[in-house]
Each structure stands twice: as structure tokens, then as C-alpha cells.
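Visitor: Model the structure of this input:
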Amino acid sequence: MGRGRQKAKATKQARDMKYFSPATDYSALQRELTDQESRAAARRPEPLEPVEPDYSSYADKYADDDDGDGSTSRRTG
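Guide: Next up is the predicted model:
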């Protein structure tokens, strides 16, 4: 017996939620969003593009490993 009453109540609540439009303070929203953008820009000290690490010390260290004659000590195949 209670299912019909439950369904009607749920339908009424869903309809109320669907058509409910609260008053929006757009100026307060504008202030809040502007404040967040300025804080985010202020606390971003790192550059947007990543910095490539310096591998020159490794190039010097491992430069003598490649003899250039085509002979390798590893087995292939």
C-alpha cells in the first residue's frame, strides 16, 4: 500500500529539485573566481615548460664507451 505514496513523494521531490532555481549572486561568484586565479598565478614560481636536465657530464663520462668501429661486446640475435 505504501509504494504508491512513496513513488508520488519521490516524483514530487524530483520535480521540485528539477525546477528549483536559487537566486545566484554573480558578483560574488566573479570575486571568488578572480581571487582564486590571482592566488594560483602568484604561487606558481616554476615555469610552465619543463627544463631539460644537463646531461653534459654523462656525455663526457660515457664518450669513450663507443669506439665507432662497429664491434660490440654484446650478442645480438
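Visitor: burial of residue 7, as a residue count?
Guide: 10 (other CB atoms under 10 Å). Glycine gets a C-beta too; all of them are placed from N, C-alpha and C.
Visitor: what about it, which SS state?
Guide: Classification of residue 7 by DSSP: H, G, I helix; E, B strand; the rest coil places it in helix.
Visitor: What separation do you get for it and residue 34?
Guide: Applying CB to CB, to the nearest Å, the value for residue 7 to residue 34 is 46 Å.
Visitor: Equivalent analysis for residue 3, please.
Guide: According to CB to CB, residue 3 and residue 34 sit 51 Å apart.
Visitor: Also residue 26?
Guide: 12 Å.
Visitor: More neighbours: which of the two?
Guide: Neighbour totals were compared for residue 26 and residue 34, and residue 34 leads with 10 against 7 (other CB under 10 Å).
Visitor: Show the model's pLDDT score for that one.
Guide: According to the prediction, residue 34 has pLDDT 87.
Visitor: so residue 21, which of the three states?
Guide: coil.
Visitor: mind checking which helix or strand residue 17 is in?
Guide: Per DSSP states H and E, residue 17 falls inside helix 2-19.
Visitor: Tell me the first helix or strand C-terminal of that helix.
Guide: Following helix 2-19 toward the C-terminus (DSSP H and E): helix 26-42.
Visitor: Determine the set of other helices and strands touching whichever helix or strand comes after that following helix.
Guide: Proceeding N to C from helix 26-42, the next assigned helix or strand is helix 56-62, under DSSP H and E. Packing partners of helix 56-62 (3 or more CB pairs under 8 Å, 6 or more residues apart in numbering; DSSP states H and E): none among the helices and strands.
Visitor: give me phi/psi at residue 21?
Guide: phi -130, psi 100 (degrees, to the nearest 10).
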